[in-house]
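The following comprises the amino acid sequence and a computationally predicted model.
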Amino acid sequence: MGNQSLSKLLELWEEHASKVSKQTEVTLSINDTDIIRLAALADVYKLPQNEIIATLIHEALNELEARMPYIPGKKVIRIEDGDEIFQDTGPMPEYLAAQKRYLAK
């Protein structure tokens, strides 16, 4: 095992430790069919079921945020490259405000 291999291993461990330290355990109810699907994924990819669940939730939330509709209001909030940018009246501003409230707790 060369220095690069050990460095890469340490890097992977640090990344894993960082992810784990930012996790909170929760209890949730899941449909029986979904439990089977999760167990099958865990079996195929040789990963713990809780890691599969956490990754799926994380990716689903990222995609959901990306798909939240921007609904332009009437108020111009800034000018970018000569274009007027209107205040978002969709769900995103309220969602971001709720995140800030939870972060402050």
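All right, it came through fine. Because the structure is predicted, anything quoted here is derived from the model rather than measured.

Please count neighbours and contacts with C-alpha atoms only from this point.
OK.

Partner strands of the longest strand along the chain and their direction?
Among the segments of the chain that qualify as a strand by DSSP state E, the longest is strand 72-80. Using DSSP bridges, strand 72-80 pairs in its sheet with strand 83-88 (antiparallel).

starting at the chain centroid, how far to the partner strand?
27 Å (CA atoms, centre = their mean, to the nearest Å).

moving C-terminal of that strand, what's the next helix or strand?
helix 92-104 (DSSP states H and E).

Return the set of buried residues in that following helix.
For helix 92-104, a neighbour-count test (16 or more other CA atoms under 10 Å) marks Met92 as buried.

How far does that helix sit from its chain's centre?
The answer for helix 92-104 is 15 Å, by CA atoms, centre = their mean.

do the same with stretch 8-20
For stretch 8-20 - counting by CA atoms, centre = their mean - the centre lies 18 Å from the chain centre.

picking that back up, who touches the longest strand of the chain?
84-90 (CA atoms under 8 Å, 6 or more residues apart in numbering).

Can I get those in a markdown table including neighbour count, pLDDT and distance to Lys74?
Formatted as a markdown table, those follow (neighbours: other CA atoms under 10 Å; pLDDT from 0 to 100; distance: CA to CA, whole Å):
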| residue | neighbour count | pLDDT | distance to Lys74 |
| --- | --- | --- | --- |
| Glu84 | 12 | 94 | 11 |
| Ile85 | 16 | 94 | 10 |
| Phe86 | 16 | 95 | 6 |
| Gln87 | 16 | 95 | 7 |
| Asp88 | 18 | 96 | 9 |
| Thr89 | 15 | 96 | 9 |
| Gly90 | 14 | 96 | 12 |
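
Of those, which pair is most distant in space?
Longest distance between any two of those is 17.2 Å, between Glu84 and Gly90; criterion CA to CA.

In the helix or strand hosting Ala66, which of the residues would be classed as buried?
Using DSSP H and E, Ala66 sits within helix 49-67. Buried residues in helix 49-67, defined by neighbour count with 16+ other CA under 10 Å: 49, 52.
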